[in-house]
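Asker: Here is a sequence with its predicted model. Questions after.
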Amino acid sequence: MAGLLGTEEDGHAAGAMQVDGDDPAAHRGRVGLVLQDPDAGVVLSRVGDDVAFGCENLGVDPVEIPARVGEALSAVGLRVPLERETARLSGGQKQRLAIAGVLAMRPGLLLLDEPTANLDPAGVSEVRRAVGDAVRSSGATLVVIEHRTDVWIDLMTRVIVLDADGGLLADGAPAEVFARHADALLAAGVWLPGRPVELPALPSTPPGSVDALRARGLSISRDGHTVVQEGLDLEVAAGAASILTGSNGAGKSTLALTLAGLLPEHSGTVEAVSLPAGRRGMRPSRWSSRELLTRIGTVFQDPEHQFLTQTVRDELAVGPRALKMTDAATSRIVDDLLERLGLTALARANPFTLSGGQKRRLSVATVLATAPQVIVLDEPTFGQDRRGWAGIIGLLQEQIGEGRAVVAVTHDDDVVRLLGGRRYALTGGPA
Amino acid sequence: MTAPTAEAGAGRAAWLDGVNPAVRILLALVLSIPLLSTIDPVSAAVAVALLLVCIPLTGLRFATVLRRMLPILLLTPIAGLSMLLYAEPGGRIYATFWYATISDASIAFAIAVAVRVIALALPTILLFSRVDPIELAAALAQVVRLPARLVLGVLAGTRTLGLFVDDWRAMRLARRARGVGDRNAVRRFFSMAFVLLVFAVRRGTRLATAMEARGFGAPIERTWARRSTLSGRDAVAVAGAVAIMAISIAVAVLAGTFRFVWS
């Protein structure tokens, strides 16, 4: 609709589309587009220049640009100096900056593609409020592509639902569409207001449970220089979840990677309690890569970072092969996982070509293949539709039931509620 | 990409900040071409001395300059040593072993080369330490009149370099987590490099989409909110650079040490 994907390499267009009664490609700037990934929307390295970028491209008189930049930034409530480096903004701020950059072009239509999918709850409400204010003050049409419908519920006047083949499933007022097509929408993975996933919530950690890992006086650092948290004492209990929460930049991922034995402790220690010792002792950070496999498995925030092979099947076999299992044992494990995670039909596909939800399930499955005692996950439900979300939470509950320890970094309150266990809230982080 | 500008923002306004970034490229050429075509210790030493005197104009602290020069200062003895041993012998000969000969001529040559390396590196550090990439891009497009598409494309692209560092780090940890981090470091390196390439292509496409969504490449004359113009100060800076070179060479000629590279 933004008139961007017009050429053949980007996809096929059929039928006719008009912006102000004309071809969309001729009206660049009338339609403002904001994408899902906060890092994809920012073009230049300083806030002021980035917002001005669109105006400059449209040939707006330079005298007029500073006023437009100021207006756009205040419309989204981003009060930072114009010289501020865009790299230092939080995810929510980056998305608001992207919206400001689009608003400065004075578009008639604001087109947002899952603008809050990669944000923490604070970021989601920031962006949601900014969009509401901006639309009210500019009078622009707003089109949001989203499967988390509850975020936008009070801005919606019309809902259009596409089916899997690209056809039209429903079109009408929100209340009516959600009431009449609820089952079809839920089956398609859409989140509906007031319809949470129905799974039992696990209890909080029972007293007297066995610890798998223990951290004492732990300071963590991603690059070995800058300490992001210090003096942490925590236990990871077997057969229960340990949930790490906190705002963007508080060091949740760094803590998870340190507990997983992937980053060395900056100071203090992480030690195995119930896990068997490695050749070089009890500290996961000293274990070899192969020793980690059966002890601690890690699911990364971006599944693509951990893919190693050309097919889904080979991907699942990496761990068992590294453990020198026989081919028969390996394929038994792989077949079983493909079946359980609904990936059998995709066994020969390249992992990089899977959808977001499938990639996430595959990355979880690769970890389960070596049955580690502790499973560490960084944002396991990020960007998942309702179905994918329920699948992953169900799987993790199963692992907890089997006596494994699950460590999960998350922003999602429903994840916290359903996994139970113990919650560690990290404070601080950049302002 | 971010370190120099962060430091630049902290400092106070300096005289050199008012010199157009495009003109600084010209200054760098003026300050290096004469030194590349001559080879004698005096002209280079005088140039270094004069450049050091100019440091207050750049807004950099002496300590900062020294720190940035450190890699170069560590390299100069190596350049000097090879000249000392292998330059064409001449004058009195002090020692010979195998192909190496230390003579009056090679000693002089070694000193000349060492000083020259410093004289060539110093202007670059003084001129470009505090240049903001965005201002440089504006200057290249408006003053030098390079195509805006090229300049802005490169500028936007360099911003994403930091993301690749994060990708690389995450991939390294992920390989350890997946049990393949113990051996085959070379093979691992190439597989990671390949994935990084995939990321680069994809990120480039996404960036291009984001830029086009903001009207980049529209068939309209582009305007610039950040004006980049020339002023009297730019002329003064060029004159100053020419003067530094003229004085350096004049002193060398007067001292009788002046010598072209090919003479």
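Answerer: Yes, it's here.
Asker: element containing residue 72, please.
Answerer: In the absence of a named chain, chain A is used. Element membership of A:Ala72 [criterion: DSSP states H and E] is helix A:65-75.
Asker: Switch to chain B, please.
Answerer: In the assignment (DSSP H and E), B:Ile72 maps to helix B:62-86.
Asker: residues of that helix that come out buried?
Answerer: Within helix B:62-86, the residues scored as buried using 16 or more other Cβ atoms under 10 Å in any protein chain shown are B:64-65, B:68, B:72, B:76, B:80, B:83-85. No exception for glycine: its C-beta is placed from N, CA and C like everyone else's.
Asker: What is the helix holding A:Ala72 packed up against?
Answerer: With contacts taken as 3 or more Cβ pairs under 8 Å, 6 or more residues apart in numbering or on different chains; DSSP states H and E, helix A:65-75 sits against helix A:47-57, helix A:91-103, helix A:121-138.
Asker: Now render those as CSV, adding mean neighbour count, mean pLDDT and distance to chain B.
Answerer: Below are the helices and strands packed on helix A:65-75 laid out as CSV (neighbours: other Cβ atoms under 10 Å in any protein chain shown; pLDDT from 0 to 100; distance: least, Cβ to the nearest Cβ, whole Å):
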stretch, mean neighbour count, mean pLDDT, distance to chain B
helix A:47-57, 26, 91, 4
helix A:91-103, 27, 86, 6
helix A:121-138, 18, 83, 16
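Asker: Among the ones you listed, which comes closest to A:Ser204?
Answerer: Closest approach to A:Ser204 among those is made by helix A:121-138 (21.1 Å; Cβ to Cβ).
Asker: Does the residue positioned nearest the centre of chain A belong to a helix, a strand or coil?
Answerer: Nearest residue to the geometric centre of chain A (Cα atoms, centre = their mean): A:Phe382, 2.8 Å. Assigned state for A:Phe382: coil (three-state reduction, DSSP: H, G, I helix; E, B strand; the rest coil).
Asker: which one is A:Met325 nearest to, not counting chain neighbours?
Answerer: Take A:Met325 and drop its neighbours on the chain: the residue closest to it by Cβ to Cβ, 6 or more residues apart in numbering or on different chains is A:Ile333, 7.6 Å away.
Asker: wait, does stretch A:351-368 make contact with chain B?
Answerer: Yes: counting by Cβ under 8 Å from any Cβ of the partner chain, chain B has neighbours in stretch A:351-368: A:352, A:366.
Asker: Quick check: A:Val312 touching A:Thr344?
Answerer: No: A:Val312 is beyond contact range of A:Thr344, at 9.3 Å (criterion: Cβ atoms under 8 Å).
Asker: ok, the two, which is more surrounded?
Answerer: Using other Cβ atoms under 10 Å in any protein chain shown as the criterion, A:Val312 and A:Thr344 rank with A:Val312 on top: 29 against 13.
Asker: Contact partners for that one?
Answerer: Contacts for A:Val312 (Cβ atoms under 8 Å, 6 or more residues apart in numbering or on different chains) come out as A:338, A:343, A:346-351, A:354, A:362.
Asker: For the stretch 101-250 of chain B, give me the ranges with low pLDDT.
Answerer: Along the stretch 101-250 of chain B, the model assigns pLDDT under 70 to no residue.
Asker: same check, this time on chain A
Answerer: A:1-29, A:164, A:206-207, A:429-431.
Asker: Quickly list the domain ranges of the chain.
Answerer: Using chain A here. Listed domain ranges for chain A are A:8-145, A:211-425 (source: automatic domain parsing).
Asker: Chain B, not that one
Answerer: Following automatic domain parsing, one gets these domains for chain B: B:2-132+B:230-255, B:144-213.
Asker: Of all these, which one is nearest A:Asp412?
Answerer: Nearest to A:Asp412, of the domains of chain B and by Cβ to Cβ, is domain B:144-213 at 21.2 Å.
Asker: roughly how far out does the closest one sit from the chain middle?
Answerer: Per Cα atoms, centre = their mean, to the nearest Å, the displacement of domain B:144-213 from the mean C-alpha position of its chain is 23 Å.
Asker: same deal with stretch A:84-98?
Answerer: On the basis of Cα atoms, centre = their mean, stretch A:84-98 sits 17 Å off its chain's mean C-alpha point.
Asker: Next, count neighbours for A:Arg279.
Answerer: A:Arg279: 8 surrounding residues under other Cβ under 10 Å.
Asker: One more: A:Glu71?
Answerer: For A:Glu71, using other Cβ under 10 Å, the count is 16.
Asker: Apart from its chain neighbours, what residue comes closest to it?
Answerer: A:Ala104 (7.4 Å).
Asker: got a list of what that neighbour touches?
Answerer: The contact partners of A:Ala104, by Cβ under 8 Å, 6+ apart, come to A:51-52, A:54-55, A:65, A:68-69, A:71-72.
Asker: what does A:Glu126 give?
Answerer: A:77, A:92-93, A:95-96, A:119.
Asker: mind giving me CSV with the domains of chain A and columns for distance to B:Ala137?
Answerer: Formatted as CSV, those follow (distance: least, Cβ to Cβ, whole Å):
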stretch, distance to B:Ala137
domain A:8-145, 9
domain A:211-425, 29
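Asker: that older thread, can you work out which residues contact both of A:Val312 and A:Thr344?
Answerer: Common contact partners of A:Val312 and A:Thr344 (Cβ under 8 Å, 6+ apart): A:Leu338.
Asker: Show me what the one helix or strand A:Arg423 maps to pairs with in its sheet, parallel or antiparallel.
Answerer: For A:Arg423, the element it lies in under DSSP H and E is strand A:422-425. The strands beside strand A:422-425 in its sheet (DSSP bridges) come out as strand A:241-245 (parallel).
Asker: Identify all contacting residues around the partner strand.
Answerer: The contact list for strand A:241-245 (Cβ under 8 Å, 6+ apart) reads A:202, A:234-236, A:252, A:255-256, A:396, A:400, A:405-411, A:415-416, A:419-426.
Asker: I'd like the distance between A:Gly48 and B:Leu74.
Answerer: Distance, A:Gly48 to B:Leu74, by Cβ to Cβ, to the nearest Å: 39 Å.
Asker: hmm, I was thinking of A:Gln95
Answerer: 45 Å.
Asker: Equivalent analysis for B:Asp40, please.
Answerer: Distance of B:Asp40 to B:Leu74, computed by Cβ to Cβ: 24 Å.
Asker: Next: A:Thr258.
Answerer: Look at A:Thr258 and B:Leu74: by Cβ to Cβ, they are 35 Å apart.
Asker: Please apply the same query to A:Met156.
Answerer: According to Cβ to Cβ, A:Met156 stands 64 Å off from B:Leu74.
Asker: B:Ala22 now?
Answerer: From B:Ala22 over to B:Leu74 the distance is 32 Å, taken as Cβ to Cβ.
Asker: Likewise for A:Val376?
Answerer: 42 Å.
Asker: Please look at A:Arg321 and A:Thr330 and confirm they touch.
Answerer: Yes: applying Cβ under 8 Å, one finds A:Arg321 in contact with A:Thr330, separated by 6.2 Å.
Asker: more neighbours, those two?
Answerer: Comparing A:Arg321 with A:Thr330 by neighbour count (other Cβ under 10 Å), the higher total belongs to A:Thr330, at 19 against 16.
Asker: any idea which element that one lies in?
Answerer: Using DSSP H and E, the element containing A:Thr330 is helix A:327-340.
Asker: Repeat that for A:Val406.
Answerer: Secondary structure from DSSP H and E places A:Val406 in strand A:405-409.
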